[in-house]
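**Student:** What follows is a protein structure lacking sequence information:
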């Protein structure tokens, strides 16, 4: 399974009431308050399902999850 | 002795279980209410500098939680919430002491200037904890919360550093 940028954006726009214009590759998602704790948990669940990975507790970091770019890079590392 | 300490990863499972306990969960804010809390929510919550969670220990044993949320570094305010996880310790003043410790920490170490709390009106035990610590009622939003399917008033409390000096 692969997680694409397009699919990720579609999911976030559909689930979290975010406008596509608000999302660039480096838009801070959580540290900016765009996503709250509960929506980030939902997003992690989506990433796990789509990418076929399990995100460990120590991997739940802003470095891995706070932007689209970081999410895709993290998933890339985990699935390569 | 009652002590507070920053919540650690090892505590998440215990705290998630408290948050999911029906007799505790029903008093929580709506994002938490009516659902089981998984430890991952706490992992995520602690990622943000806008949230600080403190484990409460009574004679060394974990028994509760006090949280500062929506910490605003510009206005220097935060929202406070708390729970006693070990219900067998109710009525001993543990949460009153713990809340006071977090309030002082918020004002003296974090530099905050005001804290606010939202309480369901029928939660008399929680209101007593606030009033013993010098919180003042700041307003009432009628029918603003749901308790077991019934609308209840939302009571807002706040405290500023000078309220502590008067306590």
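**Tutor:** Thanks, I have it. Keep in mind that what you see is a predicted model, and the values were worked out from it rather than measured.

**Student:** quick one, what contacts the closest residue to residue B:135 other than its chain neighbours?
**Tutor:** Nearest-residue entry for residue B:135: residue B:157, 4.2 Å, with adjacent residues in sequence omitted and distances by Cβ to Cβ, 6 or more residues apart in numbering or on different chains. All C-beta spots, glycine's among them, are computed from the backbone N, C-alpha and C. The contact partners of residue B:157, by Cβ atoms under 8 Å, 6 or more residues apart in numbering or on different chains, come to B:116, B:117, B:118, B:119, B:127, B:130, B:135, B:136, B:137, B:138.

**Student:** Mind giving me the ChimeraX command for buried ones among those residues?
**Tutor:** The buried residues among the contacts of residue B:157 can be selected in ChimeraX (16 or more other Cβ atoms under 10 Å in any protein chain shown) with this line:
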select /B:116,117,118,119,127,130,135
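
**Student:** Please enumerate the strands of chain B.
**Tutor:** B:2-6, B:52-58, B:61-72, B:77-84, B:114-120, B:136-147, B:150-159 (DSSP state E).

**Student:** Determine the number of other residues adjacent to residue A:40.
**Tutor:** Residue A:40 has 24 neighbours, counted by other Cβ atoms under 10 Å in any protein chain shown.

**Student:** how about it, what does it touch?
**Tutor:** A:29, A:30, A:65, B:44, B:47.

**Student:** Which positions in chain A make contact with chain B?
**Tutor:** A:30-31, A:33, A:36-38, A:40-41, A:44, A:57, A:60-62 (Cβ under 8 Å from any Cβ of the partner chain).

**Student:** so which two of these are the farthest from each other?
**Tutor:** A:33 and A:57 (22.5 Å; Cβ to Cβ).

**Student:** Centroid-nearest residue for chain A?
**Tutor:** residue A:71 (5.0 Å; Cα atoms, centre = their mean).

**Student:** all helices in chain A, in order from the N-terminus.
**Tutor:** Taking DSSP state H as the criterion, chain A contains helices spanning A:5-16, A:37-51, A:62-65, A:68-79.

**Student:** Out of these, which is closest to residue B:88?
**Tutor:** helix A:37-51 (28.9 Å).

**Student:** just the angle between that closest one and helix A:5-16, please?
**Tutor:** 140 degrees (axes from the mean of the first three to the mean of the last three Cα atoms, to 10 degrees).

**Student:** quick one: average pLDDT of helix A:37-51?
**Tutor:** Helix A:37-51 shows an average pLDDT of 92 in the prediction.

**Student:** coming back round to it: which of the contacts of residue B:157 sits closest to residue B:148?
**Tutor:** Using Cβ to Cβ, the contacts of residue B:157 come closest to residue B:148 at residue B:119, 15.8 Å.
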